[in-house]
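>>> based on what follows, work out the 3D shape:
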Amino acid sequence: MTSPIELAPGCLWWQGWLSRDQQQALADDLRALLAEAPLFTPRMPRTGKPFSVRMSNCGPLGWVSDAAGYRYQPLHPETGRAWPPFPPVLLRAWGELAACPAPPEACLINWYGEGARMGLHQDRDEEEFGAPVLSLSLGDTAVFRIGGIKRTDPTRSIRLASGDALLLSGPSRLAFHGIDRILPGSSTLLKQPGRINLTLRRVHRADDAATGAL
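Just a heads-up that it's a prediction; the model follows:
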């Protein structure tokens, strides 16, 4: 396994963690998964403004956003069906990179088409901030920006390529981060230009899960 680059305390970047063959296998898994849990367009709370990314989820829980707010729920908001299970490679990634004994409960799947972006934000909708957030990238390269725990903190940018893994943990768990833009045509992995980002999260506190208090 390649050694990570520490972008900030607790923010670790593995370049090319997935081989090309592993990326292709995961992309194939995702095509089948998204046939069962199709991409949907989330909307901002209160304003109803649509996101520029489309998304889906896998695992026991999925993250959604609409007029009622941000939340995790066990059912797809449009089909009403349970989210599909994690592809095995995602659980392997969590086991090898996350250094967290409790398993993930959700994987947010974001699809970035041409012009899509994600403004600076914190991942704060989970109960458990002690567990990290782990992401894997497929497809076109993204310009990723990370700052500190205040929106006004200085930021730095890197290019996340297909197969890269990134971990937000410890002091970086609540760091502001976002995607400024996608570089179209920078990857030939996917059948159409764009990027898929898979973000594994632990939602509930591990001690709650042990006692069944979900």
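
>>> which helix or strand contains Trp13?
Following DSSP states H and E, one finds Trp13 within strand 11-14.

>>> which helix runs longest in the chain?
For the chain, the longest helix by residue count, based on DSSP state H, is helix 20-36.

>>> so what does that helix touch, helix or strand wise?
strand 54-58, helix 88-93, strand 106-112, strand 133-139 (3 or more Cβ pairs under 8 Å, 6 or more residues apart in numbering; DSSP states H and E). No exception for glycine: its C-beta is placed from N, CA and C like everyone else's.

>>> related to what we said a few turns ago, does anything pack onto the strand holding Trp13? Which helices or strands?
Counting by 3+ Cβ pairs under 8 Å, 6+ apart, strand 11-14 packs on strand 5-8, strand 165-168.

>>> go through these and pick out the most buried.
Mean neighbour count (mean count of other Cβ atoms under 10 Å) peaks for strand 165-168 among the helices and strands packed on strand 11-14, with a mean of 25.

>>> now the element after that one, going C-ward?
strand 177-183.

>>> partner strands of the helix or strand just after that following strand and their direction?
Next in sequence after strand 177-183, counting helices and strands by DSSP H and E, comes strand 195-201. Using DSSP bridges, the strands paired with strand 195-201 are strand 106-112 (antiparallel), strand 133-139 (antiparallel).
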